[in-house]
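[1] Predicted model follows, preceded by the sequence.
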Amino acid sequence: MVKYLAMKKISKNIAHLRHLRGISQEALASDLNITRSRLSSWEEHRAEPPIDLIVQLADYFTVSIDSLLKIDLTKVNDLRDLLKIGGNRILFPVMVDSDGKDLVELVPIRASAGYLQGFSDETFIESLPRISLPFTDVGKFRGFPIQGDSMPPLESGAYVIGKYVEDVADIKDGKTYVVLTQNDGLVYKRLYNKIEQDGTIHLHSDNKAYYPYQIKPEEVFELWSFVCSLNPTDSPISDLVYNAIQNIQADVVQLRQSRLD
């Protein structure tokens, strides 16, 4: 069932990306060195492209393989909505409210542990509660819960609103970021760009009881620069955060189960 849904999405995505590029089936088939009838069978979901051509399609349209397989790209009308991450691109559809203001997605505390598995899952991201804040400019914003005491004066329960950073090379020394990595999941640290010096990024806690450590740039899945922090005990922010968290549609376990059913 999961494989069927993935291949059904890729069929729609190939046709949609081709239309966005304004190219014909003949032209795309020629560029891929395949027949038009073979391409047509993929778009009409009569056949499945092999893995080598899925990789070739991802490179051709400059999207990640993950996005090509898992995300419904028909929701995107402008390829500028695809933000670069590493050598490929990953989809970040920008959500707006009725007034056209960008909405900030909040990762609830109970869902933050599953963020590493869900960050590239459109169902997981779509389930996140959203709030509107007046000071967010153009870009992609997300709110992350702070846990622990490594970054005072922020305490557990506070939220950091971050703006998505496309390239780890853009890290500014001494600025704070939310970082997603395989080994540590979500962390909020003060970063130092030492890629040119020793090939690593240095992560420091403001609480000196915690030792700094290093990671390689390729370990970074997502990077969000600090915009502001929200203390849930401060009104009216508390009401916004509380209500948003209460309205979350499902947690990670429920999402995974529903996709397998």
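    Thanks, I have it. Residues are numbered from 1 along each chain as shown.
[2] all strands of this structure, in order?
    82-85, 88-91, 103-106, 130-132, 141-145, 159-164, 176-181, 185-194, 200-204, 213-215, 220-230 (DSSP state E).
[3] CA atoms of the third one as CSV?
    I take that to be strand 103-106. Taking C-alpha atoms only, strand 103-106 is exported to CSV below (Å, rounded to 0.1, in the frame of the first residue of the first chain):
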residue,chain,number,x,y,z
LEU,A,103,2.1,31.3,9.3
VAL,A,104,4.6,29.9,11.7
GLU,A,105,4.4,26.1,12.3
LEU,A,106,4.9,25.0,15.8
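[4] partners of that strand in the sheet?
    With DSSP bridges as the test, strand 103-106 is paired with strand 130-132 (antiparallel), strand 141-145 (parallel).
[5] just the ones you listed: most buried one?
    For the strands paired with strand 103-106, the largest average neighbour count (mean count of other Cβ atoms under 10 Å) is found in strand 141-145, namely a mean of 23. In this view, the C-beta of every residue, glycine as well, is placed from N, C-alpha and C.
[6] what angle sits between it and strand 176-181?
    80 degrees (axes from the mean of the first three to the mean of the last three Cα atoms, to 10 degrees).
[7] returning to that earlier point: the strands paired with strand 103-106: which one's closest to N13?
    Closest of those to N13 is strand 141-145, at 23.8 Å (criterion: Cβ to Cβ).
[8] Mind listing residues that contact that closest one?
    Applying Cβ atoms under 8 Å, 6 or more residues apart in numbering, the contact partners of strand 141-145 are 102, 104-109, 112, 128, 131, 133, 156-164, 178, 186, 188, 224, 227, 230.
[9] is it possible to export the strands of the chain to JSON lines including distance to S11?
    As requested, the strands of the chain are exported to JSON lines (distance: least, Cβ to Cβ, whole Å):
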{"stretch": "strand 82-85", "distance to S11": "19"}
{"stretch": "strand 88-91", "distance to S11": "17"}
{"stretch": "strand 103-106", "distance to S11": "28"}
{"stretch": "strand 130-132", "distance to S11": "30"}
{"stretch": "strand 141-145", "distance to S11": "30"}
{"stretch": "strand 159-164", "distance to S11": "29"}
{"stretch": "strand 176-181", "distance to S11": "30"}
{"stretch": "strand 185-194", "distance to S11": "33"}
{"stretch": "strand 200-204", "distance to S11": "39"}
{"stretch": "strand 213-215", "distance to S11": "38"}
{"stretch": "strand 220-230", "distance to S11": "27"}
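[10] Minimum distance to I65: which of those has it?
    strand 88-91 (7.5 Å).
[11] hang on, the earlier thing: of the contacts of strand 141-145, keep whichever come out buried.
    Neighbour counting by 16 or more other Cβ atoms under 10 Å classes 102, 104-108, 112, 128, 131, 133, 158-164, 178, 186, 188, 224, 227, 230 among the contacts of strand 141-145 as buried.
[12] what's the least confident stretch among the strands paired with strand 103-106?
    Ranked by mean pLDDT, the strands paired with strand 103-106 end with strand 130-132 in last place, scoring a mean of 74.
[13] sorry, back to before: tell me which of the strands of the chain lies nearest to L17.
    Ranking those by proximity to L17 (Cβ to Cβ) places strand 82-85 first, at 10.0 Å.
[14] And for I215, the neighbour number?
    Residues within reach of I215, counting by other Cβ atoms under 10 Å, total 20.
[15] Contact partners for the closest residue to it other than its chain neighbours?
    Spatial nearest neighbour of I215, chain neighbours left out: I201 (5.4 Å); criterion: Cβ to Cβ, 6 or more residues apart in numbering. Taking Cβ under 8 Å, 6+ apart as the criterion, I201 is in contact with V168, I171, L191, Y192, N193, K194, I195, Q214, I215, K216, P217, V220.
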